[in-house]
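Trainee: only geometry, no sequence info:
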């Protein structure tokens, strides 16, 4: 992508999309790697075993009286047993019909799962993970933008995410336009009460869509 093409992107797409594409361009130059974003069909779920989910977590958020509070922790998140995780994710993954992967040189570096109808007017970013060695390189932003773009195409007023409460993850979403949901979706909150439930307004009216809240 040339500078001229990037300027055109800034004119016609969101700022976050332009930034993520710029990061992707930087990644390609620095790593000399080809990044492919493609749909992953359910029969290719075995690719998820290539991801390294492990993470050192030093700070966690929690909601207290409607506000985020940060606490120091010392947690080592282990690698998945992927067969168990796939079964755990099925209730929120919509049959994995809308999953996209980021592949670097043919190897899965991250993935996102989009759920079209959390509610009538609200989509869900169901899952987003980037393998340990590829974090901080813009891949997560590219994948998130894919889900947001799908929600816009589907005419949704907003997109919802139930985020892992680690500070790195929550800050990632907040920097990209998500805010804590004033009324978490009742079903998702029952499943993940310690998650930080967040929403991005896509209506242009700067008000949160109905979440199917508590």
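Mentor: Received the coordinates, thanks. Everything numeric in this text was worked out from a predicted model, so none of it was measured.
Trainee: only C-alpha atoms for contact and neighbour calcs from this point on.
Mentor: Will do.
Trainee: This protein: strands as residue ranges?
Mentor: For the chain, the strands defined by DSSP state E occupy 35-39, 55-64, 67-77, 99-104, 107-115, 122-130, 158-163, 179-180, 196-201.
Trainee: Pick the most deeply packed of those strands.
Mentor: strand 158-163 (a mean of 26; mean count of other C-alpha atoms under 10 Å).
Trainee: Which residues does that strand contact?
Mentor: 121-126, 148, 151, 169-170, 188, 192, 195-203, 208-209, 211 (C-alpha atoms under 8 Å, 6 or more residues apart in numbering).
Trainee: Repeat the analysis, applying 6 Å as the threshold.
Mentor: Outside strand 158-163, the residues within contact range by C-alpha atoms under 6 Å, 6 or more residues apart in numbering are 122, 123, 124, 125, 195, 196, 197, 198, 199, 200, 201, 202.
Trainee: Beta-bridge partners for the residue nearest in space to the middle of the chain, please?
Mentor: Central residue of the chain (C-alpha atoms, centre = their mean): residue 128, 3.9 Å from the mean position. Assessed by DSSP bridges, residue 128 has beta-bridge partners residue 112.
Trainee: gap between it and residue 52?
Mentor: To residue 52, residue 128 is 13 Å away according to C-alpha to C-alpha, to the nearest Å.
Trainee: ok so, going back, got a pLDDT number for the residue nearest to the centre of the chain?
Mentor: Listed pLDDT for residue 128 reads 98.
Trainee: Tell me the spacing between it and residue 203.
Mentor: 23 Å.
Trainee: Help me confirm that residue 56 comes into contact with residue 76.
Mentor: Yes - using C-alpha atoms under 6 Å, residue 56 is in contact with residue 76, at 4.8 Å.
Trainee: ok, which stretches of the chain are helices?
Mentor: Per DSSP state H, the chain carries helices over the ranges 3-12, 15-31, 82-93, 139-153, 167-175, 186-191.
Trainee: Give me the distance between the fourth one and the centre of its chain.
Mentor: What it means is helix 139-153. Relative to its chain's centre, helix 139-153 lies at 8 Å (C-alpha atoms, centre = their mean, to the nearest Å).
Trainee: Mind giving me the packing neighbours of that helix?
Mentor: If contacts are counted by 3 or more C-alpha pairs under 6 Å, 6 or more residues apart in numbering; DSSP states H and E, helix 139-153 sits against no helix or strand.
Trainee: Repeat the analysis, applying 8 Å as the threshold.
Mentor: helix 15-31, strand 99-104, strand 107-115, strand 122-130, strand 158-163 (3 or more C-alpha pairs under 8 Å, 6 or more residues apart in numbering; DSSP states H and E).
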